[in-house]
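Colleague: Predicted model follows, preceded by the sequence.
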Amino acid sequence: MPETIVVTYCIETPGEPERLAAKIASDQSTGTFVPVPGETPELKSRVAAQVLAVRPLPPATEPGWGRSHPGLAAGNRFNRAEADIAFPVEAVGTDLAALMTIAIGGVWSIRELSGVRVTAIRLPPSFAGAYPGPQFGIEGTRRLTGVYGRPLVGTIVKPALGLRPHETAAMVRELVEAGVDFIKDDEKLMSPAYSPLEERVKAIMPVILDHEQRSGKKVMYAFGISAADPDTMLRNHDVVAAAGGNAAVVNIASIGLGALTFLRKRSRLALHAHRNGWDILTRNAAVGMDFAAWEIFWRLSGVDQFQINGIRVKYWEPDESFVRSFHALQRPVFTDADRPLPVVGSGQWGGQAPDTYAATGGSTDLLYLCGGGVVSHPDGPAAGVRAVRQAWDAAVAGIDLATYAKDHPALARSIATFDDGKLA
């Protein structure tokens, strides 16, 4: 039986979802507006997309596109359904850009839709060897950092912009001495004039390596190497690798699939993916893409660590969305080796550890990324790191944080400082 790619769409329309599902299958494969030469039944049977199932959903009273969208000003019933549509691999191939274009790119332009969202993608075995996937992933990140049996505790250099290389290095020195496992450049920091990447690497890596020599622990520092030109990005990568670095921040939505794949095939660094821009695709629940569908493209292209927000974040995303994102990354596409390390961040401190542990099904396979939750601890970053670890120890042991804090001063001070929700 021919291999197919199955894409699931949540369809919303003032008309009939079944008809719109058929239109998506037609428009996104062999369909044309009028009959044309060469459009034969044999061709359609070989490469046309097919609707496999349409499952009704409760209707909406407001259109996903909004009332100002042409043709949607009137009406109070917008029919919804979930449709599985199969695209033959013979028509799409295993190229991810082709898949994005054919199966996804055009659906949002269909006039009769009042909303449409891509919620899932199932790929056949032929995709398994077509892309490199993570080079390090969960196990590789643990090996590089030497952290096992607990979450990695990470932080971000703050302020995000404005620090010069020597100022950043001074902050890094304090953080590595504090016992942190991971530090990253903020995604907005790449190679500005006041802190060129090469100068930042020259200032920071001696601090990392000196600490490794003295303690045996190599803190992972992820430098921002993103650039519009893949050759420039690769040169940035080489600067970090040559200095003894082992990680890099890549702004995946800014650089694109092609640039990420280009980098991954040549990379010696763990690639830490920041998903800046993803919110455009998902914040309207009736439109766009679920993370579970979107992340597959980036995972196969080779990210090792994937930022997904967390519990009670400082931005818009509800906890339920974070939980779905976490579990999506935990599910193999093909094998366990293609699972990137989930990075839990955004306004995090130890206070969210118990809920995070419970919501993720008791997983410690994550990087717990705290900015102010570490560096703004009233007793300094070292106490901030201890407080986060203590919170996770309590969470794993099933002990209430307030109870655990009675014998753990760093955690007690963290609760007193951050429990008012100011980090969020």
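Modeller: Perfect, I can see it now.
Colleague: how about stretch 17-27 as CSV, C-alpha atoms only?
Modeller: The C-alpha coordinates for stretch 17-27 follow below in CSV (Å, rounded to 0.1, in the frame of the first residue of the first chain):
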residue,chain,number,x,y,z
PRO,A,17,-17.2,20.7,7.2
GLU,A,18,-17.3,17.6,5.0
ARG,A,19,-17.3,19.6,1.9
LEU,A,20,-14.5,21.8,3.1
ALA,A,21,-12.4,18.7,4.0
ALA,A,22,-12.9,17.5,0.5
LYS,A,23,-11.9,20.9,-0.8
ILE,A,24,-8.7,21.0,1.3
ALA,A,25,-7.8,17.6,-0.1
SER,A,26,-8.4,18.7,-3.6
ASP,A,27,-6.9,22.2,-3.5
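Colleague: So which residues lie in contact with it, not counting its own?
Modeller: Stretch 17-27 has contacts (CB atoms under 8 Å, 6 or more residues apart in numbering) with 9, 11, 13, 31, 48-51, 54, 56, 79-81, 83, 85, 106-107, 110, 112-113, 116. In short, each C-beta sits where N, CA and C put it, glycine included.
Colleague: Give me the mean pLDDT for it.
Modeller: Mean pLDDT, stretch 17-27: 95.
Colleague: Also stretch 154-165?
Modeller: Here the average pLDDT along stretch 154-165 is 90.
Colleague: what residues does it touch?
Modeller: For stretch 154-165, with CB under 8 Å, 6+ apart as the criterion, the contacting residues are 168, 171-172, 175, 180-186, 188-189, 192, 194-196, 199-200, 202-204, 343, 345, 367-375, 381, 384-385.
Colleague: Pull out the buried members of the residues you listed.
Modeller: With neighbours counted using 16 or more other CB atoms under 10 Å, the contacts of stretch 154-165 contain these buried positions: 168, 171-172, 175, 180-186, 189, 195, 200, 203-204, 343, 345, 367-375, 381, 384-385.
Colleague: pLDDT score for the nearest residue to residue 128 once chain neighbours are set aside?
Modeller: Leaving out its chain neighbours, the residue that sits closest to residue 128 by CB to CB, 6 or more residues apart in numbering is residue 334, at 4.5 Å. Residue 334 carries a pLDDT value of 96.
Colleague: repeat for the one 3 residues further on
Modeller: pLDDT, residue 337: 94.
Colleague: show me what contacts it?
Modeller: By CB under 8 Å, 6+ apart, residue 337 lies in contact with 133-134, 137, 139.
Colleague: Can you name the secondary structure element that comes next after the lowest-mean-pLDDT helix or strand in the chain?
Modeller: For the chain, counting by mean pLDDT, DSSP states H and E, helix 41-47 ranks last in confidence among helices and strands (a mean of 63). Going down the chain from helix 41-47, the next helix or strand is strand 50-60, by DSSP states H and E.
Colleague: Please save the CA atoms from the helix or strand containing residue 321 in PDB.
Modeller: Secondary-structure element containing residue 321, defined by DSSP H and E: helix 319-330. Extracted as PDB, the C-alpha positions of helix 319-330 are listed here (Å, rounded to 0.1, in the frame of the first residue of the first chain):
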ATOM      1  CA  ASP A 319      -0.900  25.700  31.700                       C
ATOM      2  CA  GLU A 320      -2.800  23.200  29.600                       C
ATOM      3  CA  SER A 321      -0.900  24.300  26.400                       C
ATOM      4  CA  PHE A 322       2.400  23.800  28.200                       C
ATOM      5  CA  VAL A 323       1.500  20.300  29.300                       C
ATOM      6  CA  ARG A 324       0.500  19.400  25.700                       C
ATOM      7  CA  SER A 325       3.700  20.800  24.400                       C
ATOM      8  CA  PHE A 326       5.800  18.800  27.000                       C
ATOM      9  CA  HIS A 327       4.100  15.500  26.200                       C
ATOM     10  CA  ALA A 328       4.400  16.200  22.400                       C
ATOM     11  CA  LEU A 329       8.200  16.400  22.800                       C
ATOM     12  CA  GLN A 330       8.200  13.300  25.000                       C
END
